[in-house]
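Asker: Model the following, please.
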Amino acid sequence: MENIIGIFVKSIFVDNMIFAYFLGMCSYLAVSKNVKTAMGLGIAVIFVITITVPVNYLINNYLLAEGALSWLNKRYADIDLSFLSFIVFIAVIAWIVQVVEMVIEKFAPVLYNQLGIFLPLIAVNCAVMGASLFMQEREFTNIGEVFSFSIGSGVGWLLGIIGIAAIREKLSYSNVPAPLRGLGITFIVTGLMAIAFMSFSGLTI
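Answerer: Residues are numbered from 1 along each chain as shown. Alright, predicted model coming up:
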């Protein structure tokens, strides 16, 4: 249990998808003009990551990894399908995003219109794919650790986009020099936020 909590906290603050790895920056920059829209996209990303990473973990461990098919028959113990992991992970992500898009369109049409093209683009959000690849690289020992990592990664991304959205709302009333308005000041603030998040790297978890 202690290890699961540690993975959760670390994935939010230390290994934050935005501020540690700069993954998912396209949606982060484009949909962070107001907090409400950023919150909607962030929750959608949490949902997608929370489902896709554990599903990809099970697929990787029981179908793709070297020797993963040994549960079917010992003759398949030498089969290695890991070269298919990229395309399989992408297919799972695209499927889940399609489900999320249909649910939001049905139950939150206003949010659906606000998110626009960036909702289906979650399928190519590199933070979602990155979470699956990090899961594969870190070799988690059980599904509980994977769930903890996936939820934490999503929450970390949500925290990042809400933070920058709140700051950008305030900046719209500020006297920002003309050359820095828009994405210029957003990149500067993002860099400062990344430096702030680096302070969490000293945590012993």
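Asker: Now do the helices in this protein.
Answerer: 2-9, 25-30, 35-59, 85-107, 109-115, 126-138, 143-171, 183-198 (DSSP state H).
Asker: which residues touch the shortest one?
Answerer: What that stands for is helix 25-30. By CB atoms under 8 Å, 6 or more residues apart in numbering, the surrounding residues in contact with helix 25-30 are 18, 41, 45, 118, 121-122, 125, 157, 160-161, 164, 183, 186, 190. C-betas here are computed from N, CA, C, even on glycine.
Asker: Report the buried residues of it.
Answerer: Buried residues in helix 25-30, counted by 16 or more other CB atoms under 10 Å: 25, 27-29.
Asker: thinking again about what came up before, I'd like to know which of the helices of the chain has the weakest mean confidence.
Answerer: Least confidently modelled of the helices of the chain is helix 109-115, at a mean of 81 by mean pLDDT.
Asker: Report all helices and strands that it contacts.
Answerer: helix 35-59, helix 85-107 (3 or more CB pairs under 8 Å, 6 or more residues apart in numbering; DSSP states H and E).
Asker: Direction-wise, compare the shortest one with helix 35-59 and give the angle.
Answerer: For helix 85-107 and helix 35-59, the angle between their directions (axes from the mean of the first three to the mean of the last three CA atoms, to 10 degrees) works out to 140 degrees.
Asker: chain center to helix 85-107, what's the gap?
Answerer: With CA atoms, centre = their mean, to the nearest Å as the basis, helix 85-107 stands 13 Å off its chain's centre.
Asker: Dump the C-alpha coordinates for that helix into CSV.
Answerer: Backbone C-alpha positions of helix 85-107 (Å, rounded to 0.1, in the frame of the first residue of the first chain) are rendered in CSV as follows:
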residue,chain,number,x,y,z
SER,A,85,3.3,-2.7,-28.6
PHE,A,86,3.3,0.7,-30.3
ILE,A,87,0.5,0.0,-32.7
VAL,A,88,-1.6,-2.0,-30.1
PHE,A,89,-1.2,0.8,-27.5
ILE,A,90,-2.3,3.4,-30.1
ALA,A,91,-5.3,1.3,-31.1
VAL,A,92,-6.5,1.0,-27.4
ILE,A,93,-6.0,4.7,-26.8
ALA,A,94,-8.0,5.6,-30.0
TRP,A,95,-10.8,3.3,-28.9
ILE,A,96,-11.1,4.7,-25.4
VAL,A,97,-10.9,8.3,-26.7
GLN,A,98,-13.8,7.5,-29.1
VAL,A,99,-15.9,6.3,-26.2
VAL,A,100,-15.1,9.4,-24.2
GLU,A,101,-15.9,11.7,-27.1
MET,A,102,-19.3,10.0,-27.5
VAL,A,103,-20.1,10.2,-23.8
ILE,A,104,-19.2,13.9,-23.6
GLU,A,105,-21.2,14.8,-26.7
LYS,A,106,-24.2,13.0,-25.2
PHE,A,107,-24.1,14.3,-21.7
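Asker: what angle do it and helix 126-138 make?
Answerer: Interaxial angle of helix 85-107 relative to helix 126-138 (the same axes, to 10 degrees): 140 degrees.
Asker: Check the longest one too.
Answerer: Inter-element angle recorded for helix 35-59 and helix 126-138: 30 degrees (by the same axes, to 10 degrees).
Asker: Return the set of buried residues in helix 35-59.
Answerer: 35, 37-38, 40-42, 44-57, 59.
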